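Trainee: Please work out how this folds:
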Amino acid sequence: MKRSRGFTLIELIIVIAVIAILIGIALPRLRGMIDEGNTAKAGAELRALQAAVESYYIHNSKTYPADGSVTWQTALTASTTKPKLIGSALTDPFSTSSAQYSYDKSSNGLYYVIWSVGPDNTADITAIGTDGTISGGPDDDIYVSNGTSGTGGF
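Mentor: Here you go, the predicted structure:
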């Protein structure tokens, strides 16, 4: 009698276990690569927004855009703004609700900070002071500012 040369049940279980182990190793690394990509994207977009804010300052009587609004970028995208600074509002890649980047201006109007919530999806930056220092712990937030820089600044 001839024996079939198929896989035994033990061999199939071992192959499935090896595949499961490889997937378990690959998934956290994939998440890390996604976070690195989002960090690079946020950094590039924040630098573009910083350039737009500085251009707005130059073309609008030495004032920065108003803060305290979810749609602060509308001042940069408005068709009445000459030159048009950015084509459309940019959204934070780390935000689960596709929110725009956060922005705050100091009470004396001299300093600003623009930030992304970062990988933990929690805004740790709360404001910028009249001396350019950032309030709140930047933690993993990614930000740009014309004030004092820190570990998360670009």
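
Trainee: When you work out contacts or count neighbours from here on, use the C-alpha atoms and nothing else.
Mentor: OK.

Trainee: Who are the packing partners of the helix or strand where G43 lies?
Mentor: Using DSSP states H and E, G43 sits within helix 9-59. Contacts defined by 3 or more Cα pairs under 8 Å, 6 or more residues apart in numbering; DSSP states H and E place helix 9-59 against helix 74-77, strand 112-116, strand 142-145.

Trainee: got a markdown table for the ones you listed, with mean pLDDT too?
Mentor: Shown next, in a markdown table, are the helices and strands packed on helix 9-59 (pLDDT from 0 to 100):
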| stretch | mean pLDDT |
| --- | --- |
| helix 74-77 | 80 |
| strand 112-116 | 92 |
| strand 142-145 | 91 |
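
Trainee: do you know how far V117 is from Q73?
Mentor: 17 Å (Cα to Cα, to the nearest Å).

Trainee: which parts of the helix or strand bottoming out on mean pLDDT in the chain are buried?
Mentor: Least confident helix or strand of the chain, by mean pLDDT, DSSP states H and E, is helix 74-77 with a mean of 80. Going by neighbour count (16 or more other Cα atoms under 10 Å), the buried part of helix 74-77 is A75, L76, T77.

Trainee: For that helix, give me every contacting residue.
Mentor: Residues outside helix 74-77 that contact it (Cα atoms under 8 Å, 6 or more residues apart in numbering): A52, V53, Y56, P65, T81, K84, L85, I86, G87, S88, A89.

Trainee: Mind giving me the ChimeraX select for those, buried ones only?
Mentor: Selection of buried members from the contacts of helix 74-77 for ChimeraX, criterion 16+ other Cα under 10 Å:
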select :52,53,56,65,84,85,86,89
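
Trainee: So among the contacts of helix 74-77, where is pLDDT lowest?
Mentor: When the contacts of helix 74-77 are compared on pLDDT, T81 comes out lowest, with 65.

Trainee: what is the orientation angle of the helix holding G43 with strand 112-116?
Mentor: Calculated by axes from the mean of the first three to the mean of the last three Cα atoms, to 10 degrees, helix 9-59 forms an angle of 160 degrees with strand 112-116.
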